[in-house]
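K.L.:
Have a look; sequence and predicted model below, questions after that.
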Amino acid sequence: MKELFSLRTVQKKIVMLSKLAGIVLIFSYILSTRLPVNEDASFLLWLGFVLLLVLGIDFFMGRFITKPIDKLNASAKRMAELDFSAPCGLASTDEFGELSASLNTMADNLQQALVRLEDANTQLERDVEKERILLSERKELVDSLSHEMKTPLGIIRAYAEGLQDETDEAKKQKYVQVIVSEVERMNGLIVTLLDLSALESGAASLNISRFDFVELAETVAGRLLIDAPDTDFDLQYELPEQKAFVRTDRRRMEQVLDNLIVNAKKNVYPGGVLRLELTVDDGALHFSIFNQGRPIPESDLPKIWTKFYRDSCAEYSGSGLGLSIVAQILSMQNLPYGVENQAGGVRFYFSIPVTE
């Protein structure tokens, strides 16, 4: 019995409405003809019933058919414009309600698909940009490496050709030493470049440990500045009396100290001041090394951290990668670092948090 009077479909609603309209139309006609009035009044009364019936049908058709279709149409237009912010609010138990639920489900699926697509496009753009940068860096690296190799290769070739025609054993031995020295220079350049590439690509990770940085600085400075036989400068230094522990990669930080100290030692004036300072302040350890010497042009200060950078007035020595490795190691740990010209020389510095 319930199924008979159920209005769960649009078709049943229309059939039920048409049957009710027919019944009302027949009942109104019978009622108007049975009333004790003349024919004209009876007709006018019946016509009034008909008008009321038409208005009632229009009201119910608008409620059950027109308004749901308008809501569905408005939601479909928003979805066609990729606006999924407002779901279709039609709630009914008929086909329109099912269509509304289907539209909302489709909107949710499309929204999720668009989000995934935008994420994929963003990732693709990053990958393309990364690939473009890698290609540019690779080309720059090849060009720079080719340029760097020309000098040692030219020296090796010249001395090798001279070795073929030279009869003096002393000169032969000297030529051989020069060739071996240049081969070692090329080998050091390649090894350093591979190490830097591993750091930049993430293939080499940091091995974090806790250690006394003051002890490390004393060891490196003693080896490079105090115990070295070719010291022609006035060494000044300031180190904390107490230990200062840090958490970082000991080997990589030793590499940083090596490169900064060697760079200062190489650029200090003969007999000039080379000052190394290590201080602890506000929970951080501050390293600084100053060499009395020719200042770096202000326009070149940002460039000194790039691969193969050399001052135009510098002599042919080193790989041109030391400061690049310093910058990469410190950047991997988000440690502040820099370089500045001071009165009479150049100062390099960096800071690292102190741990308990």
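P.N.:
Ah, there it is. Numbering: from 1, shown residues only.
K.L.:
And the strands in the stretch 151-300 of the chain?
P.N.:
208-212, 234-238, 245-249, 273-281, 284-292 (DSSP state E, counting those that start in this stretch).
K.L.:
want to try CSV for those, with distance to residue 326 and mean neighbour count as columns?
P.N.:
Quick note: C-beta positions are derived from backbone N, CA and C, even for glycine. Listed next are those as CSV, based on distance: least, C-beta to C-beta, whole Å; neighbours: other C-beta atoms under 10 Å:
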stretch, distance to residue 326, mean neighbour count
strand 208-212, 18, 13
strand 234-238, 19, 13
strand 245-249, 13, 18
strand 273-281, 15, 17
strand 284-292, 11, 20
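K.L.:
Ok, which of these comes nearest residue 164?
P.N.:
Evaluated over the strands of the stretch 151-300 of the chain, closeness to residue 164 peaks at strand 284-292, with 42.8 Å, by C-beta to C-beta.
K.L.:
And the helix or strand following that closest one, how far out from the chain middle?
P.N.:
Under the assignment DSSP states H and E, the closest C-terminal helix or strand after strand 284-292 is helix 322-332. When distances are taken as C-alpha atoms, centre = their mean, to the nearest Å, helix 322-332 is centred 19 Å away from the chain's centroid.
K.L.:
So for helix 322-332, what gets flagged as buried?
P.N.:
In terms of neighbour count (16 or more other C-beta atoms under 10 Å), helix 322-332 has its buried residues at 322-330, 332.
K.L.:
Quick check: which helices or strands does that helix pack against?
P.N.:
On a contact count with 3 or more C-beta pairs under 8 Å, 6 or more residues apart in numbering; DSSP states H and E, helix 322-332 meets helix 169-201, helix 250-267, strand 337-342.
K.L.:
which stretch in those has the least confidence?
P.N.:
Of all these, mean pLDDT reaches its minimum on helix 169-201 (a mean of 78).
K.L.:
And that one, what does it pack against?
P.N.:
By 3+ C-beta pairs under 8 Å, 6+ apart, helix 169-201 packs against helix 95-165, helix 322-332.
K.L.:
Return the most buried member of these.
P.N.:
Per residue and on average, the most neighbours among those fall to helix 322-332, with a mean of 21 (mean count of other C-beta atoms under 10 Å).
K.L.:
Name the residues that touch it?
P.N.:
192, 195-196, 199-200, 206, 249, 252-253, 255-256, 259-260, 262-263, 304-307, 309, 336-337, 350 (C-beta atoms under 8 Å, 6 or more residues apart in numbering).
K.L.:
rerun at 7 Å
P.N.:
The contact list for helix 322-332 (C-beta atoms under 7 Å, 6 or more residues apart in numbering) reads 195-196, 199-200, 206, 252, 255-256, 259-260, 262-263, 304-307, 337, 350.
K.L.:
Low-confidence ranges, the stretch 251-356 of the chain, go.
P.N.:
Applying pLDDT under 70 to the stretch 251-356 of the chain flags residues 310-319.
K.L.:
any idea which residue sits dead centre in the protein?
P.N.:
Centroid check for the chain by C-alpha atoms, centre = their mean gives residue 126 as the closest residue, at 7.7 Å.
K.L.:
What residues does residue 236 make contact with?
P.N.:
Here residue 236 is in contact with 273, 275 (criterion: C-beta under 7 Å, 6+ apart).
K.L.:
Any idea what the residue nearest to residue 213 when sequence neighbours are not counted is bridged to?
P.N.:
In space, and not counting its chain neighbours, residue 213 is closest to residue 246: 4.8 Å by C-beta to C-beta, 6 or more residues apart in numbering. As for beta bridges, residue 246 partners with residue 211 under DSSP bridges.
K.L.:
quick one on the thing from earlier: check the residue nearest to the centre of the chain and give its pLDDT.
P.N.:
86.
K.L.:
coming back round to it: what I need now is the helices and strands packed on helix 169-201 written out in CSV, including distance to residue 186 for each item.
P.N.:
Shown next, in CSV, are these (distance: least, C-beta to C-beta, whole Å):
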stretch, distance to residue 186
helix 95-165, 5
helix 322-332, 16
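K.L.:
With respect to those helices, which exhibits the lowest mean confidence?
P.N.:
The bottom spot among those, by mean pLDDT, belongs to helix 95-165, with a mean of 77.
K.L.:
Report the distance from it to the chain centre.
P.N.:
12 Å.
K.L.:
and that helix, what does it pack onto?
P.N.:
helix 67-80, helix 169-201 (3 or more C-beta pairs under 7 Å, 6 or more residues apart in numbering; DSSP states H and E).
K.L.:
Please produce CSV containing these, extended by distance to residue 50 and mean neighbour count.
P.N.:
Shown next, in CSV, are the helices and strands packed on helix 95-165 (distance: least, C-beta to C-beta, whole Å; neighbours: other C-beta under 10 Å):
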stretch, distance to residue 50, mean neighbour count
helix 67-80, 24, 15
helix 169-201, 86, 15
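K.L.:
Select, out of these, the one closest to residue 222.
P.N.:
helix 169-201 (22.9 Å).
K.L.:
Next, the angle helix 250-267 makes with that closest one.
P.N.:
Calculated by axes from the mean of the first three to the mean of the last three C-alpha atoms, to 10 degrees, helix 169-201 forms an angle of 130 degrees with helix 250-267.
K.L.:
And residue 155, how close does it get to residue 188?
P.N.:
15 Å (C-beta to C-beta, to the nearest Å).
K.L.:
What separation is there between residue 294 and residue 255?
P.N.:
26 Å.
K.L.:
of the two, who's got more company?
P.N.:
Between residue 294 and residue 255, counting by other C-beta atoms under 10 Å, residue 255 is the more crowded of the two (19 against 15).
K.L.:
Look at residue 352 and say how many residues are nearby.
P.N.:
Residue 352: 21 surrounding residues under other C-beta under 10 Å.
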